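**Q** what shape does this take:
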Amino acid sequence: MKNRKCFLSLVIVLCCLIHNTSLAQFLSPTDVNELPSAPPDHRISYGSDPLQFGDLRLPDGQGPHPVAIIIHGGCWLSKFADLQNTAALSDALRRIGIATWNIEYRRVDNPGGGWPGTFLDVASAADYLRDIAKEYKLDLKRVIAIGHSSGGHLAMWVAARHRIPKESPLYIKNPLPMQGVVALGAPSNLKWLVDMDETICGEHVITKLLGGLPDVVPERFQQISPIELLPTGIPQILITGALDTPMLLEDGKAYEETAKRKGDRVQFKVVEHASHHEVVAPGSSAWLTVRSSILSQLGIERH
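**A** Numbers count the residues shown, from 1 in each chain. Presented below is the predicted three-dimensional model:
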């Protein structure tokens, strides 16, 4: 295990050095933030903290509308991204008939973020759809979670909450059920990420997120790593760019294999000519794969 982690860390560093020039052709977080999007129809608070809110975009028509919960990434840190990073994705889905609930939440470096606040925020935001479904004509029988990067981890996690033990501070009775998950460039096994998060995120964010290493707080890793919560009984599609961090490619393949072995329906798709941010950008080389995957999870046919 130690040799594998050392090897992956070396691969990550070498990829960054060798492809530094060529990677300039790929999208950055700023590029994604600047993609055009219509403003949300409603900005709604799901809690009392200033960061506990979401942007609701509604498609044309009378409804009830299928819903996608959208969760932005950014290494679980506020300095890298906020819900503007998923605004274009949210608006693109609205235009094809899907209501989108693009949520904000407290990150590790926000007061109240980390364990358990970050996770309780995401859970509360998801369950808050029950409070607004009637007013905005939302179909709670057709809800999926979509997330990018660390937000993809949170999307897999929020759909798997029914697997959390009752003694956990994250346990919520009768969580909103999900029809499916689409995770974009997302890690599923945070134990794997512990030794590589500084290279990827610039700091040891995983131990800050969970309050310790796996041998110190093993129960927390078991309750928030999606791979530990399998089987969920929920169809999932993981999409990663072929030129993304090598660890994510290995992680996605391992998650797919483990999920299928335990009886879940999981697909891991690798998109050629794409890196980390293409998978969250409408119109990119990954968009057709992302769009079709989202529609399939909602049972919507488009020709």
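
**Q** tell me the helices and strands packed up against the top strand by length along the chain.
**A** Longest strand of the chain, by residue count under DSSP state E: strand 138-148. Strand 138-148 sits against strand 65-71, helix 129-136, helix 150-159, strand 180-184, helix 287-297, with contacts defined as 3 or more CB pairs under 8 Å, 6 or more residues apart in numbering; DSSP states H and E. Yep, even glycine has a C-beta here, placed from its N, CA and C like the rest.

**Q** list the strands paired with the shortest one, with their directions.
**A** Here the strand partners of strand 180-184, with direction, are listed using DSSP bridges: strand 138-148 (parallel), strand 236-241 (parallel).

**Q** most tightly surrounded among those strands?
**A** strand 236-241 (a mean of 27; mean count of other CB atoms under 10 Å).

**Q** next, the angle helix 150-159 makes with it.
**A** Angle, strand 236-241 to helix 150-159, by axes from the mean of the first three to the mean of the last three CA atoms, to 10 degrees: 170 degrees.

**Q** C-terminal to strand 236-241, what's the next element?
**A** Using DSSP states H and E, the helix or strand that follows strand 236-241 towards the C-terminus is helix 246-261.

**Q** tilt between that next one and strand 180-184?
**A** Per the same axes, to 10 degrees, the angle that helix 246-261 makes with strand 180-184 is 160 degrees.

**Q** got the CA positions of helix 246-261 in CSV?
**A** Included here for helix 246-261 are C-alpha records, laid out as CSV according to Å, rounded to 0.1, in the frame of the first residue of the first chain:
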residue,chain,number,x,y,z
PRO,A,246,-4.1,9.5,-12.2
MET,A,247,-5.4,8.7,-8.7
LEU,A,248,-9.0,9.6,-9.7
LEU,A,249,-8.8,7.1,-12.6
GLU,A,250,-7.6,4.3,-10.3
ASP,A,251,-10.1,5.3,-7.7
GLY,A,252,-13.0,5.3,-10.2
LYS,A,253,-12.2,1.9,-11.5
ALA,A,254,-11.8,0.5,-8.0
TYR,A,255,-15.2,2.0,-7.0
GLU,A,256,-16.9,0.5,-10.1
GLU,A,257,-15.5,-2.9,-9.4
THR,A,258,-16.3,-2.9,-5.7
ALA,A,259,-19.9,-1.6,-6.3
LYS,A,260,-20.6,-4.2,-9.0
ARG,A,261,-19.2,-7.0,-6.8
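
**Q** and the contacts of that helix?
**A** 8, 11-12, 15, 185-189, 192-193, 196, 200, 226-227, 230-231, 236, 238, 240, 242, 265-268, 270 (CB atoms under 8 Å, 6 or more residues apart in numbering).

**Q** swap the cut-off to 6 Å and go again
**A** Under the contact criterion CB atoms under 6 Å, 6 or more residues apart in numbering, helix 246-261 has outside partners 8, 11, 187-189, 196, 227, 230, 238, 240, 266, 268.

**Q** and for stretch 83-92?
**A** Residues contacting stretch 83-92 (CB under 6 Å, 6+ apart): 32-33, 35, 37-38, 57, 70, 72, 100, 102, 104, 280, 282.

**Q** are any of these buried, and if so which?
**A** 32, 35, 37, 57, 70, 72, 100, 102, 104, 280, 282 (16 or more other CB atoms under 10 Å).

**Q** of the residues you listed, which pair is most distant in space?
**A** Distance extremes for those: the farthest pair is 104 and 282 at 20.3 Å, using CB to CB.

**Q** can you tell me the SS state at residue 54?
**A** strand (DSSP: H, G, I helix; E, B strand; the rest coil).

**Q** what pLDDT does the residue nearest to it when sequence neighbours are not counted get?
**A** Using CB to CB, 6 or more residues apart in numbering and skipping the chain neighbours, the partner closest in space to residue 54 is residue 103 (4.1 Å). Note on residue 103: pLDDT of 98.
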